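Visitor: can you look at this prediction? I've put the sequence above it.
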Number of protein chains: 2
Amino acid sequence: MKGSAKKEDACGANSAGLVEPRSYSFAQPPNELVLESGEKLGPVTLAYETYGKLNEKKTNAILIEHALSGDAHVAGYHTPEDKKPGWWDFMVGPGRPFDTSKYFVICSNVLGGCKGSTGPSSLSPKTGKPYGLDFPVVTVGDWVEAQARLLDHLGIRKLLTVVGGSSGGMQALEWAIRFPDRVKTAIPIATAAKLSAQGIAFNEVSRRAIMSDLKWHGGNYYEGGEPPDAGLALARMIAHITYLSEEGLHRKFGRKLKDREKYGYNFSTEFQVESYLHYQGDVFIRRFDANSYLYITKAIDYFDLTRAGQISLDQVFKAARSKFLVLSFSSDWLYPSRDSKEIVRSLKKNNLEVTYCEINTDYGHDSFLIRNPVMEEMMVNFLAKNLEE
Amino acid sequence: MKGSAKKEDACGANSAGLVEPRSYSFAQPPNELVLESGEKLGPVTLAYETYGKLNEKKTNAILIEHALSGDAHVAGYHTPEDKKPGWWDFMVGPGRPFDTSKYFVICSNVLGGCKGSTGPSSLSPKTGKPYGLDFPVVTVGDWVEAQARLLDHLGIRKLLTVVGGSSGGMQALEWAIRFPDRVKTAIPIATAAKLSAQGIAFNEVSRRAIMSDLKWHGGNYYEGGEPPDAGLALARMIAHITYLSEEGLHRKFGRKLKDREKYGYNFSTEFQVESYLHYQGDVFIRRFDANSYLYITKAIDYFDLTRAGQISLDQVFKAARSKFLVLSFSSDWLYPSRDSKEIVRSLKKNNLEVTYCEINTDYGHDSFLIRNPVMEEMMVNFLAKNLEE
């Protein structure tokens, strides 16, 4: 609480500071990683970063799971010249909620990503060329399996907590079920036990935006061609609308015009909200690979703890042994509180210790990426209590 | 009520039957229509259809306003071979809510459309070639002005009612303010006094889908080239998600797979909801022009009765003289009930007679296009009462 209540600048005294990108490679042929699909993948590299120090008993490890467009660079800076810190910087650092003077924090880029982990833009050992669409489809389960190998490598048997928002929350849930003895606590945020039909629909139109771009070339654009920037930007713009609430958009932009006082009666960018979306698209294409976008959204589509209703959620959580802190946001319509409440009900039916809070905010699904005293305080208390126990 | 309660097949005894497409041309140069932008447009043709007969006193005319992708063909069939009737067929016919044995029903295609009215695919009198993006940007006000010319032509001074859903509802509101003495009653459904920031955002990504398609060619694809089908289909898919509710999608599709029992672990269409969206996109490109989609969404973006807050909505409705029936749908998140309630409050402040109902349904924004006994009964009663008065 103390940490989160202070108002340091991100670059200030409580920054995680300089952090070194790391990577771990495993699953060298013929010992490839066997994926949920049955396909084999190897070698596999996971890009990761760590913050703070593992204590002697190895009881203070926190695994942070990133969402769709995130990466391993969760906090701090790679070089003193970096203009922006990692994506969850306000959460990680000495005195911050994931207090690096107490905890050892780990984050790795998901399999299929484009920020250092093996993905469709990596070279296939068979052809020596980028995988493209020859890369196998991976799942949230595969992401978590790969992360377990990384924890083995780091000598961590059990996590103090696994935490993430959105598809990061899906990974936290998957961890708690797949490796119940390795997860003391889990903090799934703004997530669901399975992606909704609406979520699949938005993912599919985003993929269609990429695949309709003639520059996509069936995924073979790495060598010689230009990447499908227009399609990827459009995919991001579509998705970005779903991350914000109608109220939030109204408060931030309303119907305000950009750099003009009157309608131009043409098809240029006129409203601030249009300009904002274009900016989001333009920034995204500089940092993300279109094929990775396809693979990651597909993994999210496939996520369904009930295995298409074959088992009930109550049965699913029978396997769990962790304590849970479940958080949702009142204005999140992509992963509405209803979905979190469904998780909470099933956890409780299994007599698992669970704290739930629906946080009141108009920032929509993206709320977990924005400073919020309630969110931070709940995590601080939950972690402190469970570190001691 | 009787009409709506009966369960005739659309092709049955209560069908509007065969209807003839008509058109009216006006604004011949040099007497062009002066648009809100200041640009002039002429000649102007409006495609329209009528159902039933105008009574002697000319007091039974109902103007139906279509939404984004609608057209003048509101009910009945053009030929006996037609497989589908008009877009609001269940509402229009003898014994149906807009009872053609009592009322004279008119519907015209909006200016800028592609179903017979002058639009970007029409030939420019200056060049003899399709306008493309040389077509001037039109507004909801321009749509209504053109419709007023059509009513003059038909000899109708005053409408019994003007009714429409979504942007059709915007036109109903515009009519009530622009021509208060010509509108006895108005029925705006699932609409708003101004498009929300979220609405602008979704329209802009839809436009971007079209304009990013390399086949769009700056709007010049009519002669020789192929139309931007992929972009238009994608625009429709994006929009279609916003027309449905999350609950409705869950009930209809959930996470059900299409023609398979297990995940395919590839990028083919797997979930039923994906297949449904693709179908919606594919059907749409056969009946709609991409440039018209740009112009119509732009008109909707520009719609703001408060003129960017220059006047309050209370002041706006000072001009109105009509009686109102305002309808919204509980699961409509694109034009939420909040927006309708805002209209109702301002109407009441101006001592206008207004009936409001939020109809409970999970069909989302598209609810007005689906049979609903509450909606139909309210309209039947409202019309009957106001025809008598």
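Guide: That came through fine. Numbers count the residues shown, from 1 in each chain, chains lettered A, B, ... in the order given.

Visitor: buried residues in stretch A:48-60?
Guide: Buried positions in stretch A:48-60, judged by neighbour count with 16 or more other C-beta atoms under 10 Å in any protein chain shown: A:48-52, A:54, A:59-60. C-beta coordinates here come from the backbone N, C-alpha and C atoms, glycine included.

Visitor: and if you look at stretch A:332-348?
Guide: Under 16+ other C-beta under 10 Å, the buried positions of stretch A:332-348 are A:332-337, A:339-340, A:343-344, A:346-347.

Visitor: equivalent analysis for stretch A:365-381, please.
Guide: Buried-residue list, stretch A:365-381, by 16+ other C-beta under 10 Å: A:365-369, A:372, A:375-380.

Visitor: in a markdown table, list these along with pLDDT and secondary structure.
Guide: Below are these laid out as a markdown table (pLDDT from 0 to 100; DSSP: H, G, I helix; E, B strand; the rest coil):
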| residue | pLDDT | secondary structure |
| --- | --- | --- |
| A:His365 | 98 | helix |
| A:Asp366 | 97 | helix |
| A:Ser367 | 98 | helix |
| A:Phe368 | 98 | helix |
| A:Leu369 | 98 | helix |
| A:Asn372 | 97 | coil |
| A:Met375 | 98 | helix |
| A:Glu376 | 97 | helix |
| A:Glu377 | 97 | helix |
| A:Met378 | 97 | helix |
| A:Met379 | 97 | helix |
| A:Val380 | 97 | helix |
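
Visitor: pick the one among the residues you listed closest to chain B.
Guide: Closest approach to chain B among the buried residues of stretch A:365-381 (C-beta to the nearest C-beta): A:His365, at 12.8 Å.

Visitor: tell me who's in contact with the closest one.
Guide: Residues in contact with A:His365 (C-beta atoms under 8 Å, 6 or more residues apart in numbering or on different chains) are A:166, A:190, A:242-244, A:329, A:332-335.

Visitor: can you tell me which of these is nearest A:Met211?
Guide: The closest of these to A:Met211 turns out to be A:Thr242 (C-beta to C-beta; 19.1 Å).

Visitor: quick one: contacts for the residue nearest to that closest one when sequence neighbours are not counted?
Guide: Distance criterion C-beta to C-beta, 6 or more residues apart in numbering or on different chains; nearest residue to A:Thr242, sequence neighbours excluded, is A:Leu334 at 4.7 Å. Residues counted as contacts of A:Leu334 (C-beta under 8 Å, 6+ apart) are A:198-199, A:202, A:242-243, A:364-365.

Visitor: would you turn those into CSV with secondary structure?
Guide: CSV is the format used below for the contacts of A:Leu334 (DSSP: H, G, I helix; E, B strand; the rest coil):
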residue, secondary structure
A:Gln198, helix
A:Gly199, helix
A:Phe202, helix
A:Thr242, helix
A:Tyr243, helix
A:Gly364, helix
A:His365, helix
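
Visitor: for burial, what's the neighbour tally of A:Glu65?
Guide: A count of neighbours around A:Glu65, defined by other C-beta atoms under 10 Å in any protein chain shown, yields 32.

Visitor: just checking, it touches A:Leu173?
Guide: No - A:Glu65 is beyond contact range of A:Leu173, at 9.9 Å (criterion: C-beta atoms under 8 Å).

Visitor: quick one: least confident helix or strand in chain A?
Guide: helix A:2-5 (a mean of 37; mean pLDDT, DSSP states H and E).

Visitor: can you redo the contacts of A:His365 as TSV with distance to A:Val138?
Guide: Below are those laid out as TSV (distance: C-beta to C-beta, whole Å):
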residue	distance to A:Val138
A:Ser166	17
A:Ala190	22
A:Thr242	23
A:Tyr243	23
A:Leu244	28
A:Phe329	28
A:Asp332	26
A:Trp333	27
A:Leu334	22
A:Tyr335	21
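
Visitor: let me know the closest of the residues you listed to chain B.
Guide: So of the contacts of A:His365, ranked by how close each gets to chain B (C-beta to the nearest C-beta), first place is A:Trp333, at 6.8 Å.

Visitor: can I assume the closest one sits in a strand?
Guide: No - per three-state DSSP, A:Trp333 lies outside any strand segment and is coil.

Visitor: identify the residues contacting it.
Guide: Residues near A:Trp333 by C-beta under 8 Å, 6+ apart: A:242, A:245-246, A:364-365, B:246, B:333.

Visitor: just the closest of those to A:Lys194, please.
Guide: Closest approach to A:Lys194 among the contacts of A:Trp333 (C-beta to C-beta): B:Glu246, at 13.2 Å.

Visitor: for the stretch 151-300 of chain A, what spans make up the helices?
Guide: Secondary structure of the stretch 151-300 of chain A (DSSP state H, counting those that start in this stretch): helices at A:167-178, A:197-212, A:229-243, A:246-252, A:272-285, A:290-302.

Visitor: tell me the most buried of those?
Guide: helix A:167-178 (a mean of 26; mean count of other C-beta atoms under 10 Å in any protein chain shown).

Visitor: do that helix and chain B meet?
Guide: No - judged by C-beta under 8 Å from any C-beta of the partner chain, helix A:167-178 makes no contact with chain B; its nearest approach is 14.0 Å.

Visitor: pretty sure A:Glu358 is in a helix, no?
Guide: No - per three-state DSSP, A:Glu358 lies outside any helix segment and is strand.

Visitor: need the max-distance pair from the buried residues of stretch A:332-348.
Guide: A:Trp333 and A:Leu347 (23.2 Å).

Visitor: domain-wise, how is chain A divided?
Guide: A:2-195+A:305-388, A:212-291 (automatic domain parsing).

Visitor: and B:Thr127, which of those is closest to it?
Guide: The minimum distance between B:Thr127 and these falls on domain A:212-291, with 18.7 Å, by C-beta to C-beta.
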